[in-house]
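1. Predicted model and sequence below, questions to follow.
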Amino acid sequence: MEQSGEYRVQAGLDQVWQGLNDPEILARCIDGCLTMEKTSEDRFETTVKARIGPVSATFHTVLELTEVVAPTRYTINASVTGGAAGFARGTAQVRLSEDPDRSGATMLRYAVKANVGGKLAQVGSRLIDGAARKMANDFFAAFGEEISGEVPVATGANAPEVERFEASGQWKIWLIVFAALAIGVILAL
């Protein structure tokens, strides 16, 4: 799976960077998040309970940040395990920059590459891609509201409308990897 996106967050660059590195903020933005802990300067561990189609499981994710250039970019390396339900591995590159068109706003860009295995891989790539896009929108809507009180604006040529999706359970695990994404965070099954 490969996916990318771009969002305008109505908050300053430093504020967005701090939010993307704060486990309490991230946990509040991930539907189904049971735990989120920053175990070192460049590592997060999280547990998310999710139902994806007919598969329900608790997923444990380890997120490691590399290529960190505060406050403008990092790469997230994610490893997700869900027991018999499946696993995922991937990376997300996250880039932040000041919005040249809006004073006090930040452009957040991400690119994700992930591989999924186990029972969840049987769900199918179309469903996975759709789930990942919806989870990214959910995460960024919650993150933008948490940081600035406003839903961020999706930008770019293929930008979907950012809206708050009702919790449907089947998309939750993708949010965790985008969560780390922040996270552009890799969402994985």
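-> Done, it's in.
2. name the helices or strands packed onto the one helix or strand residue 92 maps to?
-> Residue 92 is part of strand 87-98 when elements are defined by DSSP states H and E. Packed against strand 87-98 by the contact rule (3 or more CB pairs under 8 Å, 6 or more residues apart in numbering; DSSP states H and E) you find helix 13-20, strand 73-81, strand 106-117, helix 172-181. Where you see a C-beta, it was placed from the backbone N, CA and C, and this is true even at glycine.
3. most tightly surrounded among the ones you listed?
-> helix 172-181 (a mean of 33; mean count of other CB atoms under 10 Å).
4. Give me the buried positions along stretch 145-158.
-> The neighbour-count check on stretch 145-158 (16 or more other CB atoms under 10 Å) flags 145, 146, 147, 148, 151, 152, 153, 154, 155 as buried.
5. give me the element the second one is part of.
-> Under the assignment given by DSSP H and E, the secondary-structure element containing residue 146 is helix 125-148.
6. excluding its backbone neighbours, what's nearest residue 3?
-> residue 112 (4.9 Å; CB to CB, 6 or more residues apart in numbering).
7. So that neighbour versus residue 75, what's the distance?
-> Per CB to CB, to the nearest Å, residue 112 is found 11 Å from residue 75.
8. who touches both of those two?
-> The contact sets of residue 112 and residue 75 overlap at 91, 92 (CB atoms under 8 Å, 6 or more residues apart in numbering).
9. if you average pLDDT over stretch 23-31, what comes out?
-> Averaged across stretch 23-31, pLDDT comes to 91.
10. Show me which residues of that stretch are buried.
-> 23, 25, 26, 27, 29, 30, 31.
11. Isn't residue 78 up against residue 112?
-> No. Between residue 78 and residue 112 no contact is recorded; they are 9.1 Å apart, counting by CB atoms under 8 Å.
12. Quick check: beta-bridge partners of residue 117?
-> Listed by DSSP bridges, the beta-bridge partners for residue 117 are residue 87.
13. Name all residues that make contact with it.
-> With CB under 8 Å, 6+ apart, residue 117 has these contacts: 86, 87, 88.
14. and what of residue 91?
-> Residues near residue 91 by CB under 8 Å, 6+ apart: 75, 76, 77, 78, 112, 113, 114, 186.
15. in the chain, which helix or strand is least confident?
-> When each helix and strand of the chain is scored by mean pLDDT, DSSP states H and E, helix 172-181 comes last, with a mean of 41.
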